[in-house]
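Participant: Fold the following, please.
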Amino acid sequence: MIEKYTVRNLNNKLIQITNGNGIYLYSKGKKILDTTAGGTSFAVLGWNNKEINKSITRQLKKFHHLDYKTFKDDNVEELSKILLSKAEHKLDTVYFSGSSGGEACEAAMKLSYLKHCADGNNSKVWFIGRNQSYHGVGTDALSIAERPTMNIYKPLFPIKRSRIEQHHYLKERLDGETEEEYAVRSSNLLEKEILKIGPEKVSAFIGETIMGGLVGDVPPVKNYWKYIKKICEKYNVHLILDECYCGLGASGKIYCCDYDKITPDFIFVAKTLTAGHIPLSAVVTKKKFINKIVKKFGKILHSTTFQGHSLGIAAALAAQKIIHQKTVLQNINNNGNYLKQVLVDELKNHEFFFDVRGRGLRLSFEYNCNDKNKFGITLSNRMLEKHNILLNSKWHRVCLTPAYIITKSQCDLVLDKLIKEFKNLSDSWK
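Facilitator: Here you go, the predicted structure:
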């Protein structure tokens with residue numbers, strides 16, 4: 001789409017927004033309930049949050065940004081402490097990597113390689129990802145993911161990259177295969193790939209803790225990540241988890257991997273870090289890794305202009321003080337469970353029903369019908385035009401990722417309109 005002075009990568013009609021407040025957006029006099037948290041699940045505390053706005057304004061009066069490598073900003077240490085305060089894993093240090101999740105992914109990959117080099121294992125240059133995953137638009141991040149719309153860039157990808165099959169029990173299981181059997185078989189795909197490449201050549205395995213928005217919020221079966229972690233340890237391969245989408249409260253825990261009771265080597269976070277107010281990303285890792293790298297090279301051989309951006313740090317500090325509150329996490333879990341249960345109760349016997357899944361407020365309802373993508377887009381258009389509810393519905397699923405502050409009455413309103421429109425549309429769908 002090309003406007004008079006602006007180029008965008010969309011072909012749909014843009015929604016003109018004048019302002020936002022709480023979980024609502026306002027457009028030409030209309031009050032729109034947003035279940036998408038800004039379209040891509042970043043506005044996790046809604047719009048016009050006074051505490052975050054105040055924090056940004058206070059910081060702006062001091063300085064807007066200072067170089068992360070040259071100057072000390074006390075907010076950085078305070079934020080790092082908060083980010084580790086409710087972690088159930090054993091990672092103990094935070095590296096602010098830049099602005100986007102893609103930058104954080106590539107920072108984690110580089111830190112992984114640097115750690116291996118510091119140990120004298122310079123040949124560990126391969127990275128393994130999974131099909132049906134996405135970690136950002138940078139070439140390194142794209143090269144270990146699978147996003148067909150970006151296949152034009154394949155000739156530019158680094159060649160020492162590999163992928164294994166997605167982890168999705170309902171789609172990938174064999175006839176009669178139990179969840180435990182699938183967990184073993186699915187994790188063994190990684191071991192086979194490591195052995196195929198050569199363990200001495202593999203730096204890290206990268207995966208979303210839950211298969212994210214592309215597939216539609218697919219949690220791992222029990223023990224999957226434990227088996228993956230054991231394989232990684234066996235071959236001195238780092239485990240890097242992408243929690244840009246599902247981390248920092250979205251799943252109902254601060255770190256989604258804490259459900260799986262594992263400690264990866266790196267977790268990278270981004271869009272939920274500042275609740276979307278200022279672009280900021282980070283990598284959570286082990287202090288001993290960083291110390292080893294610095295001892296070997298004298299510094300961390302990685303840098304971006306806006307890493308640890310001072311306004312972003314101030315925004316994140318305010319956002320995470322809110323998100324880390326017990327009542328906020330309870331609200332995420334209570335409303336997430338409620339949304340799932342009502343959808344299952346109301347639609348489980350519908351002919352189009354396939355599955356409702358997710359953790360916390362990262363939920364997907366998958367349907368089966370002819371021309372699934374058109375069905376989803378038609379459903380979302382009806383929800384917006386008839387009920388002023390913004391819905392992420394396309395491909396094969398309805399994805400519900402509202403702000404953490406959504407109330408039960410707002411959930412009821414969404415559920416009532418969604419279920420009615422789903423049934424009405426399916427009655428006439430060919």
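
Participant: just checking, Lys423 is part of a helix?
Facilitator: Yes. When DSSP: H, G, I helix; E, B strand; the rest coil is applied, Lys423 is found to be in a helix.

Participant: How many neighbouring residues does the residue lying closest to it once chain neighbours are set aside have?
Facilitator: Using C-beta to C-beta, 6 or more residues apart in numbering and skipping the chain neighbours, the partner closest in space to Lys423 is His350 (7.2 Å). All C-beta spots, glycine's among them, are computed from the backbone N, C-alpha and C. The burial metric for His350, expressed as a neighbour count using other C-beta atoms under 10 Å, is 14.

Participant: Low-confidence stretches in the stretch 251-400 of the chain?
Facilitator: Along the stretch 251-400 of the chain, no part satisfies pLDDT under 70.

Participant: Centroid-nearest residue for this protein?
Facilitator: Tyr245 (1.5 Å; C-alpha atoms, centre = their mean).

Participant: show me the residues around that one that make contact.
Facilitator: With contact taken as C-beta atoms under 8 Å, 6 or more residues apart in numbering, Tyr245 is in contact with 41, 101, 208, 212-213, 271-272, 362.

Participant: what would the residues you listed look like in CSV with neighbour count and distance to Glu146?
Facilitator: Converted to CSV, the contacts of Tyr245 look like this (neighbours: other C-beta atoms under 10 Å; distance: C-beta to C-beta, whole Å):
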residue, neighbour count, distance to Glu146
Ser41, 26, 20
Gly101, 28, 16
Glu208, 29, 12
Gly212, 23, 12
Gly213, 19, 13
Lys271, 24, 20
Thr272, 28, 23
Arg362, 27, 20
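
Participant: Under a three-state scheme, what state does the residue nearest to the centre of the chain occupy?
Facilitator: Look at Tyr245: counting by three-state DSSP, its state is coil.

Participant: Could you tell me the backbone phi and psi angles at it?
Facilitator: The phi/psi pair for Tyr245 (degrees, to the nearest 10) reads phi -90, psi -40.

Participant: For Cys232, see how far away it is.
Facilitator: Counting by C-beta to C-beta, to the nearest Å, the gap from Tyr245 to Cys232 is 22 Å.

Participant: How about Leu214?
Facilitator: From Leu214 to Cys232 the distance is 23 Å (C-beta to C-beta).

Participant: One more: Lys408?
Facilitator: In this view, Lys408 and Cys232 are 41 Å apart by C-beta to C-beta.

Participant: So the two - more neighbours on which side?
Facilitator: More crowded of Lys408 and Cys232, by other C-beta under 10 Å: Cys232, with 24 against 12.

Participant: Which residue is the nearest non-sequential neighbour of that one?
Facilitator: Closest residue in space to Cys232, ignoring its immediate chain neighbours: Leu239 at 4.6 Å, by C-beta to C-beta, 6+ apart.

Participant: CA atoms of the helix or strand containing the one you found as PDB?
Facilitator: Leu239 belongs to strand 238-242 when elements are defined using DSSP states H and E. Coordinates of the C-alpha atoms in strand 238-242 are reproduced here as PDB (Å, rounded to 0.1, in the frame of the first residue of the first chain):
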ATOM      1  CA  HIS A 238      23.000 -23.800  24.200                       C
ATOM      2  CA  LEU A 239      19.200 -23.600  24.600                       C
ATOM      3  CA  ILE A 240      17.800 -20.200  23.500                       C
ATOM      4  CA  LEU A 241      14.200 -19.500  24.200                       C
ATOM      5  CA  ASP A 242      12.200 -16.800  22.400                       C
END
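
Participant: Parallel or antiparallel, list what pairs with that strand.
Facilitator: Using DSSP bridges, the neighbouring strands of strand 238-242 in the sheet come out as strand 202-208 (parallel), strand 266-269 (parallel).

Participant: Would you tell me what the next helix or strand after the first one is?
Facilitator: Using DSSP H and E, the next helix or strand after strand 202-208 towards the C-terminus is helix 224-234.

Participant: how far is that next one from where the chain is centred?
Facilitator: 21 Å (C-alpha atoms, centre = their mean, to the nearest Å).

Participant: which helix is the longest one in this structure?
Facilitator: As far as residue count goes, and with DSSP state H defining each element, the longest helix of the chain is helix 326-347.

Participant: Mind giving me the packing neighbours of that one?
Facilitator: Taking 3 or more C-beta pairs under 8 Å, 6 or more residues apart in numbering; DSSP states H and E as the contact definition, the neighbouring helices and strands of helix 326-347 are strand 353-359, strand 362-367, helix 408-427.

Participant: With respect to Lys13, which of the ones you listed lies nearest?
Facilitator: In terms of C-beta to C-beta, the element of the helices and strands packed on helix 326-347 nearest to Lys13 is helix 408-427, at 19.8 Å.

Participant: got the angle for the closest one vs helix 326-347?
Facilitator: Going by axes from the mean of the first three to the mean of the last three C-alpha atoms, to 10 degrees, helix 408-427 is angled at 30 degrees with respect to helix 326-347.

Participant: what about helix 408-427, average pLDDT?
Facilitator: Along helix 408-427, the predicted confidence averages to a pLDDT of 98.

Participant: outside of it, which residues touch it?
Facilitator: Contacts of helix 408-427 from elsewhere in the structure, counted by C-beta under 8 Å, 6+ apart, are 23, 33, 35, 334-335, 338-339, 342-343, 346-347, 350-352, 367, 369, 375, 378-379, 382-383, 386-387, 389, 391, 398, 400, 402.

Participant: Drop anything exposed from those residues.
Facilitator: Applying a neighbour-count criterion of 16 or more other C-beta atoms under 10 Å, the buried members of these are 23, 33, 35, 335, 339, 342-343, 346-347, 352, 367, 369, 375, 378-379, 382-383, 387, 389, 391, 398, 400, 402.

Participant: Spell out the residue ranges of the helices in the stretch 251-400 of the chain.
Facilitator: For the stretch 251-400 of the chain, the helices defined by DSSP state H, counting those that start in this stretch cover 287-297, 310-323, 326-347, 372-387.

Participant: tell me how far the last one is from the chain's mean position?
Facilitator: For helix 372-387, the distance between its averaged C-alpha position and the chain's averaged C-alpha position is 24 Å (C-alpha atoms, centre = their mean).

Participant: same check, this time on the shortest one
Facilitator: In terms of C-alpha atoms, centre = their mean, the centre of helix 287-297 is found 28 Å from the chain centre.

Participant: which helices and strands does it pack with?
Facilitator: Packed against helix 287-297 by the contact rule (3+ C-beta pairs under 8 Å, 6+ apart) you find strand 93-98, helix 101-118.

Participant: so what's Arg357 bridging to?
Facilitator: Ser364.

Participant: what about it, how many neighbours?
Facilitator: Applying other C-beta under 10 Å, we find 23 residues neighbouring Arg357.
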